[in-house]
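A.B. asks: sharing a sequence plus its predicted fold:
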Amino acid sequence: MTTSSTAANKKVDEDENLTSIGSTEYYKGFITRSAKEEPTERVTGDAILGPTLKFAGGVSFILVALVVVFLGSNGLL
């Protein structure tokens, strides 16, 4: 068996486990599932802090550059 056929079989198995909307299993899940389930991949602060600081630094650089250009064009530097 090759890797691609294994992946295809896994995809078929996942499709077979899906619940159709409006079925009794679908509505039963609203009652039986806990409201406090954690997502499978939780985003932590470390994963958000780096891109946020990079974005804020880039925006700050652009704003400072625009202010310098404005002041230079008006002879205030």
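C.D. replies: Received, thanks. Numbering: from 1, shown residues only.
A.B. asks: rest of the way, CA atoms for contacts and neighbours
C.D. replies: OK.
A.B. asks: give me the mean pLDDT for the helix or strand harbouring Phe30.
C.D. replies: Using DSSP states H and E, Phe30 sits within helix 24-32. On average, the pLDDT along helix 24-32 is 85.
A.B. asks: in terms of secondary structure, what does that helix contact?
C.D. replies: Applying 3 or more C-alpha pairs under 8 Å, 6 or more residues apart in numbering; DSSP states H and E, one finds that helix 24-32 contacts no other helix or strand.
A.B. asks: quick thing: my sequence starts at 41, can you match it?
C.D. replies: Renumbered: residue one is now 41, and that last one reads helix 64-72.
A.B. asks: mean confidence for the helix or strand just after it?
C.D. replies: The helix or strand immediately downstream of helix 64-72 is helix 85-113, counting by DSSP H and E. Predicted confidence along helix 85-113 averages 94 (mean pLDDT).
A.B. asks: could you give the separation of helix 85-113 from the chain centroid?
C.D. replies: Relative to its parent chain, helix 85-113 has a centroid offset of 23 Å by C-alpha atoms, centre = their mean, to the nearest Å.
A.B. asks: okay, and the residue of the chain most remote from its centre sits in which element?
C.D. replies: Distance from the C-alpha centroid of the chain, by C-alpha atoms, centre = their mean, peaks at Gly115 (45.7 Å). Per DSSP H and E: Gly115 is located in neither a helix nor a strand.
A.B. asks: all set now, cheers.
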